[in-house]
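S.K.: can you look at this prediction? I've put the sequence above it.
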Amino acid sequence: DTGVSQNPRHKITKRGQNVTFRCDPISEHNRLYWYRQTLGQGPEFLTYFQNEAQLEKSRLLSDRFSAERPKGSFSTLEIQRTEQGDSAMYLCASSSQSTGGATDTQYFGPGTRLTVL
Amino acid sequence: AQSVTQLGSHVSVSEGALVLLRCNYSSSVPPYLFWYVQYPNQGLQLLLKYTSAATLVKGINGFEAEFKKSETSFHLTKPSAHMSDAAEYFCAVSSGNTPLVFGKGTRLSVIA
């Protein structure tokens, strides 16, 4: 178990550029979550997948944000036409869906810090 | 809808003193409650979670939390603070296999 990994760890871009972040979950985990964390705030949920199916995407901040998990393994989060307000830490978490109504435990990656100039 | 309120954005304690970080939740269904810790430039690490079993939950690094339904609280405590406990602490709630809703966090400082 190598944990959740995210790449890159840091990304600096100019306003208007597109950026893509990658998340590799813990290998046996079927659920994958994306969160955004701004300075002084707790993580804010964006979207999540169960295997390759995106179960919730209404919380994505705008239509400039999109996420994929094509083979149910790694996931990418893309932001098109970046704005300065997109500067934040983007966190990925994974979990193994529990049965019987129990809750799963989400394990977080180190995050990708985006700075939009 | 669910929400979490963490009272105190910054708590400062002396080394060896009691740590108490406050969390109150709002949930229309039986909640699952979590405490995560975040060290600088790192991701979140799970300290402990409440899943409707025992109301007193023990976690890693000597932390524990007590679920009090009547007070809608899930405060985090540690009897004796250590310098290495200095970090940001987040309380979170979910209703099962759903995304977490986090509080704004409490930064813990430990004074030698």
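M.R.: That came through fine.
S.K.: the helix or strand of chain A with the lowest mean pLDDT close to chain B?
M.R.: Least confident element among the helices and strands of chain A, by mean pLDDT, DSSP states H and E: strand A:53-56 (a mean of 88). Yes: using CB under 8 Å from any CB of the partner chain, strand A:53-56 reaches chain B at residue A:56. Bear in mind the C-beta positions are built from the backbone N, C-alpha and C, glycine included.
S.K.: excluding chain neighbours, what is closest to the most centrally placed residue in chain A?
M.R.: Nearest to the mean C-alpha position of chain A, counting by CA atoms, centre = their mean, stands residue A:34 at 2.8 Å. Leaving aside its sequence neighbours, residue A:34 sits nearest to residue A:46 (CB to CB, 6 or more residues apart in numbering or on different chains; 4.4 Å).
S.K.: count the neighbours of that neighbour for me.
M.R.: By other CB atoms under 10 Å in any protein chain shown, the residues close to residue A:46 number 22.
S.K.: which is the next helix or strand following the one helix or strand residue B:47 maps to?
M.R.: If you go by DSSP states H and E, residue B:47 is part of strand B:44-50. Counting by DSSP H and E, the next helix or strand C-terminal to strand B:44-50 is strand B:56-58.
S.K.: strand partners (parallel or antiparallel) of that following strand?
M.R.: strand B:64-68 (antiparallel) (DSSP bridges).
S.K.: could you check how far residue A:75 is from residue B:27?
M.R.: Remark: distance between residue A:75 and residue B:27 (CB to CB, to the nearest Å) = 28 Å.
S.K.: repeat for residue A:60
M.R.: On the measure of CB to CB, residue A:60 and residue B:27 end up 24 Å apart.
S.K.: by how many degrees do the strand holding residue B:47 and strand B:64-68 diverge?
M.R.: Relative orientation of strand B:44-50 versus strand B:64-68 (axes from the mean of the first three to the mean of the last three CA atoms, to 10 degrees): 50 degrees.
S.K.: near chain A at all, strand B:44-50?
M.R.: Yes: Strand B:44-50 lies within reach of chain A by CB under 8 Å from any CB, at B:44, B:45, B:46, B:49.
S.K.: in the least confident helix or strand of chain A, what's buried?
M.R.: residue A:54 (16 or more other CB atoms under 10 Å in any protein chain shown).
S.K.: next helix or strand past it?
M.R.: strand A:65-68.
S.K.: and that next one, what other elements does it pack with?
M.R.: strand A:44-50, strand A:75-79 (3 or more CB pairs under 8 Å, 6 or more residues apart in numbering or on different chains; DSSP states H and E).
S.K.: so how far is the longest one from its chain's centroid?
M.R.: Strand A:44-50 has its average C-alpha position 7 Å from the chain's average C-alpha position, going by CA atoms, centre = their mean, to the nearest Å.
S.K.: average pLDDT across it?
M.R.: For strand A:44-50, the mean pLDDT works out to 93.
S.K.: quickly list what residue 77 is bridged to.
M.R.: Because you didn't say which chain, this covers chain A. When assigned by DSSP bridges, residue A:77 has beta-bridge partners residue A:21, residue A:67.
S.K.: think we crossed wires, I meant chain B
M.R.: residue B:20, residue B:64.
S.K.: count of neighbours near residue A:71?
M.R.: When counting by other CB under 10 Å, one arrives at 9 neighbours for residue A:71.
S.K.: close enough to count as contact, it and residue A:52?
M.R.: Yes: using CB atoms under 8 Å, residue A:71 is in contact with residue A:52, at 6.4 Å.
S.K.: thinking again about what came up before, which among the helices and strands packed on strand A:65-68 is found nearest to residue A:6?
M.R.: For residue A:6, the closest of the helices and strands packed on strand A:65-68 is strand A:75-79, at 9.6 Å, according to CB to CB.
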